[in-house]
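Asks: the sequence and its predicted three-dimensional model are supplied below.
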Amino acid sequence: MIENIYIGKNSVSNLSEILKLHSGKKVFLVTGKSSYEKSGAQKIMESLLKGTPYFRFSDFEENPKLEDVEKGIELFKRENCELTIAIGGGSAIDIAKLINSLSQVQENLVETIKANRLDQKPFPFVAIPTTAGTGSEATHFAVMYIDGEKYSFAHKYILPEYVIVDSQFTYSTPAYLTACTGADALCQAIESMWATGGNVESKEYAEKAISLVWNNLEEAVVDNDYNAKDKVSEGAYWAGKAINISKTTASHALSYKMTSFFDVPHGHAVAITLVHIMQANYEYAKEDIQKILNLINADSLSDGVVKIERFWNQIGLSTKLSQLGIEAEQISKLSDCNLERLKNNPALLTKEYIENLFKKIL
């Protein structure tokens with residue numbers, strides 16, 4: 001369980017107290033490559049870590065593979081680290097979760113991952129996101145690829161012991177990336193509202209996230225407004241808390257092939273189908289979708305669709321596949337999607353429906 005959460009600008013200063021609590025332990029510092037410096041994190045972290053022994057690891061792919069995890073575990077053990085700090089985007093936090101939680105596994109690593117099994121509580125772990133959107137700092141699962149196949153390793157021990165959501169690291173994030181990560185957070189929260197795996201707690205987190213992201217993301221993207229980015233960062237955290245319980249649904253399931261085959265950034269890919277999935281789910285989750293419509297000040301389902309589509313346009317996210325370089329004959333590549341996420345969707349979506357949806361948004 002997460003024991004300590006710090007949210008807000010300059011909250012990274014709390015790392016000093018965390019390091020004092022774990023004095024004498026060598027830190028395994030997981031960072032992005034260029035983002036570590038560009039976000040301003042490097043300068044701040046070097047100051048906070050002064051006098052603390054640490055080893056920095058950033059040699060992994062954006063979508064981490066098993067080989068990246070194995071390399072990280074080898075270095076973690078070689079350096080005798082006992083405290084993990086991840087500062088970066090979703091990939092940095094995910095691979096840090098995996099390295100930290102799997103570093104003490106004695107059995108076959110792949111079998112452990114596929115069985116979602118952990119027998120020993122991992123070392124203390126601090127997660128510090130530098131993007132506002134993935135929610136990885138608040139979830140008990142982490143993604144990796146094994147022989148080209150995507151796996152989500154899930155266990156309660158993966159949750160960070162400490163989370164620091166310091167929005168200042170997002171201030172230098174370019175507009176399009178801010179839009180993509182913010183869209184991911186908004187879609188997570190909206191999907192969480194209607195997810196069959198949701199409950200009262202997850203819906204409370206989701207509503208909070210929708211309100212914060214919907215009302216601030218446009219200013220964060222268009223004006224690079226720091227106050228708006230503060231609120232989007234907080235909203236992204238609550239969205240992560242929501243999907244940690246409910247998981248995501250069809251819009252996320254339909255997004256992965258767009259990213260893997262056509263390099264459409266994840267958040268942008270999820271946004272493309274959101275209103276269509278909302279329409280498909282309306283009769284099955286009317287009460288929850290009505291709450292979503294109220295939060296975005298929409299008078300009806302059709303008004304909500306118009307408002308969301310306009311919102312994507314205002315933050316620079318096109319919703320037509322052809323505008324992203326995807327052609328009609330390539331649609332068949334997109335329909336093979338994550339069935340696990342589809343099971344969490346209120347409406348039963350057939351392959352025919354999915355193919356027609358992609359044709360509709362071509």
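Replies: It's in. Model, not experiment: these values are computed from the prediction.

Asks: pretty sure residue 26 is touching residue 53, no?
Replies: Yes - the criterion here is C-beta atoms under 8 Å, and residue 26 meets it with residue 53 at 4.5 Å. Quick note: C-beta positions are derived from backbone N, CA and C, even for glycine.

Asks: and these two? Which one has more around it.
Replies: residue 26 (16 against 12; other C-beta atoms under 10 Å).

Asks: can you tell me the closest non-neighbouring residue to residue 321?
Replies: Computed as C-beta to C-beta, 6 or more residues apart in numbering, the closest residue to residue 321 that is not its neighbour in sequence is residue 362, at 5.0 Å.

Asks: from the contact counts, what lies against whichever strand or helix holds residue 152?
Replies: Using DSSP states H and E, residue 152 falls within strand 149-154. Contact analysis of strand 149-154 by 3 or more C-beta pairs under 8 Å, 6 or more residues apart in numbering; DSSP states H and E lists helix 109-115, strand 141-146 as its packing neighbours.

Asks: can I get those in JSON lines including distance to residue 324 and mean pLDDT?
Replies: Shown next, in JSON lines, are the helices and strands packed on strand 149-154 (distance: least, C-beta to C-beta, whole Å; pLDDT from 0 to 100):
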{"stretch": "helix 109-115", "distance to residue 324": "32", "mean pLDDT": "90"}
{"stretch": "strand 141-146", "distance to residue 324": "22", "mean pLDDT": "89"}
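
Asks: if I look at the residue most central in space within the chain, how far off is residue 233?
Replies: Central residue of the chain (C-alpha atoms, centre = their mean): residue 134, 1.8 Å from the mean position. Distance, residue 134 to residue 233, by C-beta to C-beta, to the nearest Å: 12 Å.

Asks: residues contacting the residue lying closest to residue 322 once chain neighbours are set aside?
Replies: Leaving aside its chain neighbours, residue 322 sits nearest to residue 362 (5.6 Å; criterion: C-beta to C-beta, 6+ apart). Contact analysis of residue 362 by C-beta atoms under 8 Å, 6 or more residues apart in numbering lists 320-322, 326, 328, 331.

Asks: residues of the helix or strand bottoming out on mean pLDDT in the chain that come out buried?
Replies: Lowest on mean pLDDT, DSSP states H and E among the helices and strands of the chain sits helix 339-343, with a mean of 78. In terms of neighbour count (16 or more other C-beta atoms under 10 Å), helix 339-343 has its buried residues at 341-342.

Asks: gap between the residue nearest to residue 321 and residue 309?
Replies: For residue 362, the distance to residue 309 (C-beta to C-beta) stands at 16 Å.

Asks: returning to what we had before: downstream of the strand holding residue 152, the next helix or strand is which one?
Replies: Defined by DSSP H and E, the subsequent element after strand 149-154 is strand 162-165.

Asks: who touches that next one?
Replies: Contacts to strand 162-165, defined as C-beta under 8 Å, 6+ apart, come from residues 2-8, 11-12, 14-15, 18, 124-129, 137-138, 233-234, 236-237.

Asks: go again with 7 Å.
Replies: Identification of contacts with strand 162-165 by C-beta atoms under 7 Å, 6 or more residues apart in numbering yields 2, 4-7, 11-12, 14-15, 18, 126-129, 137-138, 233-234, 237.

Asks: with stretch 207-222 instead?
Replies: Residues from elsewhere that reach stretch 207-222 (C-beta under 7 Å, 6+ apart): 175, 178-179, 182, 185-186, 189-190, 225, 228-229, 231-232, 234-236, 238-239, 242, 291-292, 295-296, 314-316.

Asks: kindly report the same for stretch 295-303.
Replies: When contacts are defined by C-beta under 7 Å, 6+ apart, stretch 295-303 is touched by residues 207, 210-211, 214, 279, 282, 293, 304, 307.
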